[in-house]
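Novice: Pasting the sequence and the predicted model now:
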Amino acid sequence: MDVITSSQEVLAISFTQQFEVTKSMWGGLKVTTLAYEYAVENSDGHEILAYHWHPHQSDFTFPHLHVCHGAGTGLRDEIRKIHFRTDRMAFEDFGLQLIRDFGVVPDREDAESILEANLAKFTAHRTWK
C-alpha cells in the first residue's frame, strides 16, 4: 500500500497479522495476535525497517526490528542482520509511528486521535504487558 509523506515522498507499507478469535470467559469474543509483520519500504522497493513477531515460525521467538537496506547505504552489514529486540507492537503503534516519525499524511484528519483511542482500549484489555 503506497502512502505519501509531508515531504511528498512515496513510501510503501505492508502489514500482516495472524490472529485467532475465541470466546471470552467474560462473554463476547477475544482476539489474540499469534504473529505479525509490519514494514516500510522506500520508493525503490527496499525495506527501510520491519517489525516482526513470529514466535512459532523461527528461532527468533521474540518481537524484533530489522533495519534494512532502504534505511541507507552507509549502514554496517551487521546492522542489517541483527534482530533488535523490541516490545510487542500493536498495529496502532505502527500507524502512529508512520504519522509521527515518517511524516505520513493520513487520509483522515482524525486518524491520529482514532489510533490513540483504539490503542488505549487495546492496552487496557490486552492480556500481555
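Specialist: It's in.

Novice: now the worst-scoring helix or strand of the chain on mean pLDDT: how far from the chain's centre is it?
Specialist: Using mean pLDDT, DSSP states H and E, the weakest-scoring helix or strand in the chain turns out to be helix 77-81, at a mean of 90. Its chain's C-alpha centre and that of helix 77-81 lie 20 Å apart, by C-alpha atoms, centre = their mean, to the nearest Å.

Novice: Show me what the longest helix seen in the chain is packed against.
Specialist: Identified as the longest helix of the chain according to DSSP state H is helix 111-125. Helix 111-125 makes packing contacts with helix 91-100 when contacts are defined by 3 or more C-beta pairs under 8 Å, 6 or more residues apart in numbering; DSSP states H and E. To be clear about C-beta, it is placed using only N, CA and C from the backbone, and glycine gets the same treatment.

Novice: The longest helix of the chain to helix 91-100, inter-axis angle?
Specialist: 150 degrees (axes from the mean of the first three to the mean of the last three C-alpha atoms, to 10 degrees).

Novice: what is the mean pLDDT for helix 111-125?
Specialist: The pLDDT scores in helix 111-125 average 95.

Novice: Now that helix: buried residues?
Specialist: 111, 115, 119 (16 or more other C-beta atoms under 10 Å).

Novice: mind listing what the last one touches?
Specialist: If a contact means C-beta atoms under 8 Å, 6 or more residues apart in numbering, then residue 119 has 90, 92-93, 96 as its contacts.

Novice: and if we set it to 7 Å?
Specialist: 90, 92-93 (C-beta atoms under 7 Å, 6 or more residues apart in numbering).

Novice: That one and residue 13, how far apart?
Specialist: 17 Å (C-beta to C-beta, to the nearest Å).

Novice: With residue 127 instead?
Specialist: For residue 127, the distance to residue 13 - C-beta to C-beta - is 27 Å.

Novice: neighbour count winner among these two?
Specialist: residue 13 (16 against 6; other C-beta atoms under 10 Å).

Novice: tell me which element that one falls in.
Specialist: strand 10-23 (DSSP states H and E).

Novice: Surely residue 61 is within a helix?
Specialist: No - counting by DSSP: H, G, I helix; E, B strand; the rest coil, residue 61 is not found in a helix; it is coil.
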